[in-house]
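Trainee: this one's sequence-less:
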């Protein structure tokens, strides 16, 4: 069984399945992409953002 | 002879099918009675013509039939996926930009210092343009509120459902009939009395007598610390 035939028959035969896969994939992609890029950004700007230096400014919280 | 007539019939059928007199000269010479002009053809065959020769040496095996389609649809689909993710992020950003900003949200809440309210006293606070009644109830009043049979009430609600801490009663000071502000520590039930049309509320803010249909509304509030209350 050719791999391309399996892919075609499960995902691309019906447009409803195709579009559904794309939407679901977009959702998953956005989650993963956002978290990855956030980590990259934080690493590139380490020590400069408020969340990094907050601990040295916040006095005892009530 | 019979065999000769059979051959002639086959030749005539073949000739009519091919649309021309494509018959071998040798065969035509065997017919003595008439002499037709026929030309030699390499395609003459008495064998059936619908037999297709075997081309399997030249053809592909059919396993890669879907490759081109899958590739095309995959490219299209991934473009659609990236566009959908981008569109969703754009719409989300625009909508969150239009939502209320932090300073507006800060005005929506009000903080009350509870240490300044002694027991048995009413305090009226303005919140979002409406009066809010805060009463520091005495234990006697709490028991009185809890002793009422809920089934007899027009708007059945137990006192426990209306307060988070029993001694602090927080409600909107707007009569549920037509919106006047009830007067505290008055009325027949030891609670509030609305002077506009005579609605009596008890010590838990529930309607007892008069035209109002519902109990006094309890807003969203929380005790941000032991001595302060945040409304809204």
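Mentor: That came in fine, so what should we check first? As the structure is a prediction and not an experimental result, all values here were calculated from the model. Numbering: from 1, shown residues only, chains lettered A, B, ... in the order given.
Trainee: and whatever helix or strand residue A:36 lives in, what does it pack onto?
Mentor: In the assignment (DSSP states H and E), residue A:36 maps to helix A:15-44. Applying 3 or more C-beta pairs under 8 Å, 6 or more residues apart in numbering or on different chains; DSSP states H and E, we find helix A:15-44 packed against helix B:67-98. C-beta here means a position set from N, CA and C on the backbone, and glycine is covered the same way.
Trainee: just checking, what packs against the helix it packs on?
Mentor: helix A:3-7, helix A:15-44.
Trainee: Could you dump the ones you listed into CSV with mean pLDDT and mean neighbour count added?
Mentor: Formatted as CSV, the helices and strands packed on helix B:67-98 follow (pLDDT from 0 to 100; neighbours: other C-beta atoms under 10 Å in any protein chain shown):
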stretch, mean pLDDT, mean neighbour count
helix A:3-7, 92, 15
helix A:15-44, 96, 13
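Trainee: got those as a markdown table, with distance to residue B:101 columns?
Mentor: Listed next are these as a markdown table, based on distance: least, C-beta to C-beta, whole Å:
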| stretch | distance to residue B:101 |
| --- | --- |
| helix A:3-7 | 47 |
| helix A:15-44 | 23 |
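Trainee: thought residue A:49 was touching residue A:42?
Mentor: Yes: counting by C-beta atoms under 8 Å, residue A:42 is a contact partner of residue A:49 at 7.2 Å.
Trainee: any idea how far residue B:38 is from residue B:224?
Mentor: Between residue B:38 and residue B:224 the distance is 113 Å, computed by C-beta to C-beta, to the nearest Å.
Trainee: So if I had to pick from those two, which one is more boxed in?
Mentor: Legend: neighbour count by other C-beta atoms under 10 Å in any protein chain shown for residue B:38 and residue B:224, higher for residue B:38 (18 against 13).
Trainee: May I have the predicted confidence score for that one?
Mentor: Turning to residue B:38, the model gives it a pLDDT of 71.
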